[in-house]
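Colleague: coords please:
(2 chains)
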2 protein chains.
Amino acid sequence: MTIKEQPKEMTRRQFLSTVGKVGGSVAVFSLMGTMGLLSPETMKAAEYEPPGPNDLHLSGRGGKKIIILGAGIAGMTAAYELGLAGYDCTILEAKSRAGGRCWTVRGGTSEAEIGSGTQTSRFDKGLYFNAGPMRIPQFHVTLEYCRKFGVAIEPFNNVNESGYYYNENVGALSGQKVPKRAAKADVRGYVAEMLAKAVDQNALDLPLTAEEKMKLVDYLKVEGDLNPDLFYKGSQRGGYKDEPGSRLDAGVLRDPFDLKSIINSGFGKYFSNEYEYDQQMMMFHPIGGMDAIAKAFEKRVGNRIKFRAEVKEIRQSSSGVRIVYTDMASGREQEVKGDYCICTIPLSVLKKIPADFSPEMSKAIQSINYASAGKIGLQFKRRFWEEDEHLYGGSSLTNMDITQIYYPPTDYFGKKGVLLGYYAYGGVADKLGAMSYAEREKLALAQGAKIHPQYPKEFESSYSINWKTIKYQEGGWVSYSANDRKTYYPTLCKPDNRIYLAGEHISYITAWQAGAIESAREVVTDIHQRVMKS
Amino acid sequence: MTIKEQPKEMTRRQFLSTVGKVGGSVAVFSLMGTMGLLSPETMKAAEYEPPGPNDLHLSGRGGKKIIILGAGIAGMTAAYELGLAGYDCTILEAKSRAGGRCWTVRGGTSEAEIGSGTQTSRFDKGLYFNAGPMRIPQFHVTLEYCRKFGVAIEPFNNVNESGYYYNENVGALSGQKVPKRAAKADVRGYVAEMLAKAVDQNALDLPLTAEEKMKLVDYLKVEGDLNPDLFYKGSQRGGYKDEPGSRLDAGVLRDPFDLKSIINSGFGKYFSNEYEYDQQMMMFHPIGGMDAIAKAFEKRVGNRIKFRAEVKEIRQSSSGVRIVYTDMASGREQEVKGDYCICTIPLSVLKKIPADFSPEMSKAIQSINYASAGKIGLQFKRRFWEEDEHLYGGSSLTNMDITQIYYPPTDYFGKKGVLLGYYAYGGVADKLGAMSYAEREKLALAQGAKIHPQYPKEFESSYSINWKTIKYQEGGWVSYSANDRKTYYPTLCKPDNRIYLAGEHISYITAWQAGAIESAREVVTDIHQRVMKS
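Modeller: Next up, the predicted model:
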């Protein structure tokens, strides 16, 4: 798609409901879109027209009370946007902090996973890792809130050719620590060589003219760094065994791996991680921890949050909603009433709470699975990845259980650092999650040391997360099958009388804060429209 | 190359001359290398053993005086390292500032190019662009000095899939602004499809087993995002014409370009810029401007610099060196004497200075060419690339004269911004350089507006550089032909009696500050060895 080919239909969704504002802004944005001034995502953001406080006196809705369940990103977005419009919101939050999965682990962070004892982080002051979301694509609405709230951002190093691939039991390259740049140069080189020769020798039946075939071969030569005879014989792109230097030191290129070794290594399948739409560079994160976003929201809606309020019942009638909760400070059962409820509780938790949902909604909530995910932060007394290996942020990937190591994309040249010793999903995450905190640490250190022998000497302390056993979350993110999307998801998206679901799970941007924000904004628009009509 | 296969021969160069220190440190580093603890570049850095001040009393070299010509990165590195060892250095610098090509243009920067009037930057406070080097690979020694000197760094966004390709006169995609991610997804998709089908149908004679062929096809499926029938039919990697959002908004993928259009577009040849060893992510730059490095050196050696001292003659005899220069403050001719001279003046300037070089050295200096390069900084009153297009740093590439636009990789969410409106090389740079400052601005605005129609409305002011006509530089960087490297370069690398050349031009890391630093360090070692022996 080129920008000149922007979609014409810009008002697909029903956001622009506030009569009187609609005509003008759509016309202006439509024109900007046609002129190539706006990206699709900008136009999407532009579609959200917050309910303006100016029409408060017209609607008489000032008295409407909204009960929001969960002070995560979705819940706080809803409270923020509704608050701007003069709605009276109350957020019930089971934890003693806001943010939900937008959670940064620092020194002193303390939590007991379900079925385990309390784990307390001993990280030094200033060191942290993001237990939940840790990166933001440029086009996500999340960055618009960062901009609006003054949350400073810096790049998240999602691509670093100085990181490594390390696989076991894959033939000749088993147990070798291979810089990403080396594996990529060789695979790209051999693949370009194969195709360039085939095209050059007219071995393929391609719908191309002779001139186009020549252009294709020219491209492949550059893409693979092939020699004039179309052979890949290694490339500076893969690095040197002896770096070039001053005077007569021209450097010595590394020897490429042979074709069979690199094909059997399994490294090629790692490359495309970085190609995914929402994993491509540039990516960003708030300076000082992802929870800067949660704190920025909390600063604006914090006075509406009741912390340590564990929801026990969700009730509704034709006239309103009633939420029963335990005030965990006093241990007393309490209740709060409102006109509408926005429920952002993850379905994995919600399904266990007695609620007046329709049978269809209950069935849908019961039927959805959540993804397993686990991380461990390892504090080292020295940033050896920077000092010894010239590796500043980015990741190393492996077929060991630790799956991947992420180096901190912040505080370069700092004395100490916390890296992600593993970030695992699925069955591997379950396996690690079933271990004690000490066993997880032991595994992360033993496997990580195969890639970084500095581990044992430099290690100081760890903190690990298994999202499936984090209370009030019980999962990394929603995991819909294609059938779930068809059978249950449409029900989850519809208001159930006076209760509206919101969160990453009510979106096609699952596992991202942007999904939480966009779904909350859509619910806000819905409720506002309903109030205006009533 | 895997880290396990580290080069065994670590002392190739003659750095480690200080007897007594050598044995131990080489042994330790050698062991670390074998253990996989050190990258080749670290081992290289480790090879540099600065002359220690402790052996000053042994050598009687305290009285040796070194005259350094040029207070660029090479000259200041030499003064810094020699100063630590107690040598008495004087740096003559023709300009009124240190840093040479390590130069950041800010509000108030003022310079007259050769043959032109004075140009003064009207950039707002805090805004800048780096006229010379603007990015640093992770493995360059430059970062080691940043670390040592406390120069804070941040990523330089050398890869950004949200940037654009824009080519004219290339067939169907002429004049279209195509996001990099879209072009890459399509080219990778079609190329993977061609090869996957050929391999799958056994159309190629490959030295692979059936199982290896299957692995190759599996890789190509993932690499190109092919469907089960091995067709490329578009991919989320290329982006959406309608982004996915909340509730039922699953998004609509862009339609891929057809194969012929994308082959004829010429975009494919742009991809490999990012693959080059010294252009791969992650890259870095000092926060606040590249000249933070120059200033950090200047803080340490500034009291040894005579500014506005234009070298007129370089003389030497068997007993010492004598440099004649014009003190431009007074207009008077002066001279300074020393034991040795380190000359970092670019050859393009040096060749015009009368000097007691050997005929071979004179001939070599006269014979070398310098690259043309030009940049323009454009200040805009609004960061429309961020606000309208969700583009945070990175570049757009084009076959127009402007060649490329770089968006500022810093100060995200700032109110205003300076982007690089062009960064041109070779003949195009000469063409732009021959224009007046106003004409360059006009061209940059007219061509840039084809990619960003916001230009005319948001533009505020410009500042342009043509390195060929910057006094005392006269070129972007040295440009050796293969024949130059064979015929002349070895002479340039040898001391000419008491005069030693240093700078990026005396290295195989030309055009980089690392070349300047490494060559200066090698000269420091040389002189120290010579003094110790004398």
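Colleague: how much space between A:Gly100 and chain B?
Modeller: Using C-beta to the nearest C-beta, to the nearest Å, A:Gly100 is found at 17 Å from chain B. Quick note: C-beta positions are derived from backbone N, CA and C, even for glycine.
Colleague: Could you do A:Gly117 as well?
Modeller: For A:Gly117, the distance to chain B equals 36 Å [C-beta to the nearest C-beta].
Colleague: what's the answer for A:Ala294, then?
Modeller: 18 Å.
Colleague: which residues touch that residue?
Modeller: Neighbouring residues of A:Ala294 by C-beta atoms under 8 Å, 6 or more residues apart in numbering or on different chains: A:Gly72, A:Ile73, A:Met76, A:Ala98, A:Gly99, A:Gly100, A:Cys102, A:Trp103.
Colleague: Tell me where the model's unsure across chain A.
Modeller: Low-confidence segments of chain A, defined by pLDDT under 70: A:1-47, A:52-62.
Colleague: before we move on, back to that, which of the contacts of A:Ala294 sits closest to A:Pro207?
Modeller: For these, the residue nearest A:Pro207 by C-beta to C-beta is A:Ile73; the value is 48.3 Å.
Colleague: quick one: contacts for that closest one?
Modeller: A:Gly99, A:Gly100, A:Cys102, A:Ile293, A:Ala294, A:Phe297, A:Gln513, A:Ala516, A:Ile517, A:Ala520.
Colleague: 6 Å - rerun?
Modeller: Listed by C-beta atoms under 6 Å, 6 or more residues apart in numbering or on different chains, the contact set of A:Ile73 reads A:Cys102, A:Gln513, A:Ala516.
Colleague: okay, now the first one: neighbour count?
Modeller: Neighbourhood size, A:Cys102 [other C-beta atoms under 10 Å in any protein chain shown]: 26.
Colleague: and the gap between it and A:Ala294?
Modeller: Between A:Cys102 and A:Ala294 the distance is 5 Å, computed by C-beta to C-beta, to the nearest Å.
Colleague: of all the residues in the stretch 301-450 of chain A, which ones are close to chain B?
Modeller: Residues of the stretch 301-450 of chain A lying close to chain B (C-beta under 6 Å from any C-beta of the partner chain) are A:Asp388, A:Glu389, A:His390, A:Tyr392, A:Gly393, A:Tyr412, A:Phe413.
Colleague: Let me know the secondary structure of the second one.
Modeller: The reference is to A:Glu389. Counting by DSSP: H, G, I helix; E, B strand; the rest coil, the backbone at A:Glu389 sits in coil.
Colleague: neighbours around it, how many?
Modeller: For A:Glu389, the neighbour count with other C-beta under 10 Å is 27.
Colleague: The nearest residue to A:Ile368 once chain neighbours are set aside and chain B, how far apart?
Modeller: Excluding its sequence neighbours, the residue lying closest to A:Ile368 (C-beta to C-beta, 6 or more residues apart in numbering or on different chains) is A:Leu347, at 4.9 Å. According to C-beta to the nearest C-beta, A:Leu347 stands 15 Å off from chain B.
Colleague: need the contact list for A:Leu347.
Modeller: Listed by C-beta under 6 Å, 6+ apart, the contact partners of A:Leu347 are A:Ile365, A:Ile368, A:His505.
Colleague: again, but for A:Lys125
Modeller: Here A:Lys125 is in contact with A:Gly107 (criterion: C-beta under 6 Å, 6+ apart).
Colleague: quick one on the thing from earlier: and which of the contacts of A:Ala294 is nearest A:Val222?
Modeller: Of all the contacts of A:Ala294, A:Cys102 has the smallest distance to A:Val222: 42.4 Å, by C-beta to C-beta.
Colleague: List phi and psi for A:Phe139.
Modeller: phi -90, psi 0 (degrees, to the nearest 10).
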